[in-house]
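A.B. asks: sequence-free structure coming up:
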């Protein structure tokens, strides 16, 4: 009976609270203590911003990107890199200090009385509204993290640091894995990371938002005609100058044909990225130098040929399909219905130089997000969604937010867990109330019949041999009261083995026949661990197909840990020793 009571009491209260309060690491309290809840299977989110989406600073609040409203082109000189793509052109190293919330690096969205347009602030607001916090939140337990990086440099350079970040996140949140939300070029960071199976095991899902898996024609435009990413504080010309040796920028170049001749045929990739032409910006700079009487060495084709080759190699490495792993899922949210450059009509004009000037005409259709054409967002191996959104706004789009919520709920198996919660809630409500009424009626939780003599009865019989007198009856009642009190507050971990979704864990805190708190995860100060061998066994218990005592005897439920059984036995024998000593002396 003791085992039956213990098993029913621990199992029956499971999951009464709603699953909307999913925890990564949170704290709950009963009347006596505060408990920390850890859930390895509710995964934290790590956000990877896109090209130009991180604040680059010289330190001390001196942000070079996105820059100052009053700075002008000269304030962006420190963005230039030498031909190696790593060394600062002017000897001043920039650090990625934050993800850019607004178009001006001011958290309030204002600077000098001017409104700064939002960049990722809408996404951060969404995460906060979902209960996630960038700092530890012991109330909801939900936490997310971001990964600002120097978008100018080779994406390969950040994989080790991202791995370090993810390990830190997993350690801090006590989670097995993370979910990666990757916007635009942040998707390249994610793809490079999960290319290694050992790293991929740390990721439950990757959600790509507007990622140009095959590049974007606008990247080519930026290296021929100039493109300031919508940052009106810097001119297209200045951006072309400072970005000449940005490996990250080149890695956004398309890996497919996108230059069309007048007859409708397309240029080959080799010709597109060769040196058979002079770009518009290069030609303009040549003319200005000639006007000023300065010498000028013309570069034909794109400014840095090596980075072009590296970009094509990166995309070849990615391939057409995402690497498939048993426990890693992919999602692609594509922006649509925006006027987008699909390709360029190319015309070569003789300007009196050894090679012709490349003149580009944008061919625009609404198939894309304004930056990434539909052809550039193609990817195999991911569940695909679309939202009518401009590229830079996808992460902050309300439609995207609905999708993100749905995806996270699926990855965390929230619907399945809620089903378990409903079953156990019914089980708990019935049995806890029954136990409470029985206790109130009999004034004792310890009962037995002729077929089931429990440990307490046996020990009491040994202790009180002979005819019980008033003193012995009083001692017996005291012993019963103390043993009863042990069961009034039970703190336990419940582990249900689930071969489909790995080992899932649930915690329960019961006090005086009521559930204080319950949900997915474990109580790190739990006194007992109850392990149920399978979801099927669990269902059989909930649906009264099998008795908990029978399941216990069959070994389908195991009890372990420094829990109520050990504590109860120790205390019981301690009390009995004391009482026996009293009787021997008396």
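C.D. replies: The structure has been received and is ready for your questions. Note that the coordinates shown come from a computational prediction; the quantities given were computed from them, not determined experimentally.

A.B. asks: specify the local secondary structure of residue 291.
C.D. replies: Secondary structure state of residue 291, per DSSP: H, G, I helix; E, B strand; the rest coil, is helix.

A.B. asks: could I get the pLDDT score of it?
C.D. replies: On pLDDT, residue 291 comes in at 96.

A.B. asks: burial measure for it, as a count.
C.D. replies: Applying other Cβ atoms under 10 Å, we find 8 other residues in the vicinity of residue 291. No exception for glycine: its C-beta is placed from N, CA and C like everyone else's.

A.B. asks: please tell me how far residue 521 sits from residue 141.
C.D. replies: For residue 521, the distance to residue 141 equals 8 Å [Cβ to Cβ, to the nearest Å].

A.B. asks: next one: residue 225
C.D. replies: 49 Å.

A.B. asks: those two: who's more crowded?
C.D. replies: residue 141 (27 against 20).

A.B. asks: surely that one meets residue 36?
C.D. replies: No - using Cβ atoms under 8 Å, residue 141 makes no contact with residue 36, being 9.5 Å away.

A.B. asks: low-confidence bits of the stretch 51-200 of the chain, can you list those?
C.D. replies: For the stretch 51-200 of the chain, residues meeting the criterion pLDDT under 70 lie at 69-70, 104-116, 137-140.

A.B. asks: that one: helices as residue ranges?
C.D. replies: Using DSSP state H, counting those that start in this stretch, the helices of the stretch 51-200 of the chain run over 121-129, 159-173, 186-194, 197-200.

A.B. asks: quick one: contacts of the last one?
C.D. replies: So that's helix 197-200. Here helix 197-200 makes contact (Cβ atoms under 8 Å, 6 or more residues apart in numbering) with 163, 166, 193-194, 323, 325, 328.

A.B. asks: ChimeraX command to pick out the buried ones of those residues?
C.D. replies: In ChimeraX, a selection of the buried entries from the contacts of helix 197-200 looks like this (16 or more other Cβ atoms under 10 Å):
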select :166,193,194,328
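
A.B. asks: domains of the protein?
C.D. replies: Listed by automatic domain parsing, the domain ranges of the chain are 2-42+423-585, 45-411.

A.B. asks: so which of those domains is the most packed in?
C.D. replies: Ranked by average neighbour count under the criterion mean count of other Cβ atoms under 10 Å, the domains of the chain are headed by domain 45-411 at a mean of 18.

A.B. asks: quick one: distance of that one to the chain centre.
C.D. replies: 20 Å (Cα atoms, centre = their mean, to the nearest Å).

A.B. asks: end-to-end on it?
C.D. replies: This stretch, domain 45-411, spans 11 Å end to end (Cα to Cα, to the nearest Å).

A.B. asks: now do stretch 180-191
C.D. replies: Stretch 180-191 has an end-to-end distance of 10 Å (Cα to Cα).

A.B. asks: all strands for the stretch 251-400 of the chain, in order.
C.D. replies: Using DSSP state E, counting those that start in this stretch, the strands of the stretch 251-400 of the chain run over residues 259-260, 329-335, 340-349, 357-365, 383-387.

A.B. asks: what do you get for the stretch 101-250 of the chain?
C.D. replies: When secondary structure is read from DSSP E, counting those that start in this stretch, the stretch 101-250 of the chain shows strands at 110-111, 114-115, 144-146, 178-183, 203-209.

A.B. asks: the longest one vs helix 186-194, what angle?
C.D. replies: It stands for strand 203-209. Using axes from the mean of the first three to the mean of the last three Cα atoms, to 10 degrees, the direction of strand 203-209 lies 160 degrees away from that of helix 186-194.

A.B. asks: i'd like the first residue to be 37 from this point on
C.D. replies: OK, 37 is where the count begins now, so the last one is strand 239-245.

A.B. asks: contacts for strand 239-245?
C.D. replies: 79, 202, 212-220, 223, 226-227, 229-230, 363-369, 415, 418, 430-431, 436, 440, 443, 447.

A.B. asks: now do the third one
C.D. replies: Contacts of strand 180-182 from elsewhere in the structure, counted by Cβ under 8 Å, 6+ apart, are 80-85, 135, 163, 168-170, 201, 205.

A.B. asks: distance to residue 185 added to those residues, as CSV?
C.D. replies: As requested, the contacts of strand 180-182 are exported to CSV (distance: Cβ to Cβ, whole Å):
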residue, distance to residue 185
80, 18
81, 17
82, 12
83, 11
84, 8
85, 8
135, 9
163, 19
168, 21
169, 22
170, 17
201, 10
205, 15
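
A.B. asks: if we can go back for a sec, looking at the strands of the stretch 287-436 of the chain, which is closest to residue 246?
C.D. replies: If you check each of the strands of the stretch 287-436 of the chain against residue 246 by Cβ to Cβ, strand 365-371 wins as the nearest, at 5.2 Å.

A.B. asks: for the stretch 437-586 of the chain, which spans come out with low pLDDT?
C.D. replies: When residues are selected by pLDDT under 70, those of the stretch 437-586 of the chain lie in 456-505, 507-529, 534-538, 546-551, 560-565, 584-585.

A.B. asks: now with 80?
C.D. replies: Across the stretch 437-586 of the chain, the ranges flagged by pLDDT under 80 are 453-567, 571, 574-575, 577-580, 583-586.

A.B. asks: surely residue 82 meets residue 185?
C.D. replies: No - using Cβ under 8 Å, residue 82 is not in contact with residue 185; the gap is 12.0 Å.

A.B. asks: if I look at residue 225, how far off is residue 587?
C.D. replies: Look at residue 225 and residue 587: by Cβ to Cβ, they are 48 Å apart.

A.B. asks: one more: residue 375?
C.D. replies: Here residue 375 is placed at a distance of 64 Å from residue 587 (Cβ to Cβ).

A.B. asks: just give me the residue closest to the centre of the chain.
C.D. replies: residue 81 (1.8 Å; Cα atoms, centre = their mean).

A.B. asks: distance of the nearest residue to it once chain neighbours are set aside from residue 395?
C.D. replies: Distances taken as Cβ to Cβ, 6 or more residues apart in numbering place residue 180 nearest to residue 81, at 4.0 Å, with adjacent residues excluded. Here the distance between residue 180 and residue 395 works out to 46 Å (Cβ to Cβ).

A.B. asks: now residue 369
C.D. replies: For residue 369, the distance to residue 395 (Cβ to Cβ) stands at 35 Å.

A.B. asks: show me what stretch 434-452 is in contact with.
C.D. replies: Contacts for stretch 434-452 (Cβ under 8 Å, 6+ apart): 55, 58, 77-79, 81, 162, 166, 215, 217, 240-241, 243, 245, 365, 367, 369, 421, 423-425, 430, 537, 540.

A.B. asks: wait, I meant stretch 220-230
C.D. replies: Taking Cβ under 8 Å, 6+ apart as the rule, stretch 220-230 contacts 83-87, 89, 183, 185, 187, 191-192, 194-195, 198-199, 202, 216, 218, 235-236, 239, 242, 244-249, 284, 287-288, 350, 354, 358-359, 361, 364, 407-408, 427.

A.B. asks: kindly recompute the last result at 6 Å.
C.D. replies: By Cβ atoms under 6 Å, 6 or more residues apart in numbering, the list of residues contacting stretch 220-230 from outside reads 84-87, 191, 194-195, 198, 216, 218, 235-236, 239, 242, 244, 246-247, 354.

A.B. asks: got it, and stretch 275-282?
C.D. replies: Residues contacting stretch 275-282 (Cβ under 6 Å, 6+ apart): 112, 115-117, 119, 121, 188, 262, 264, 285, 317, 339-340.

A.B. asks: and the furthest pair within those residues?
C.D. replies: For the contacts of stretch 275-282, and using Cβ to Cβ, no pair is farther apart than 119 and 264, which are 22.4 Å apart.
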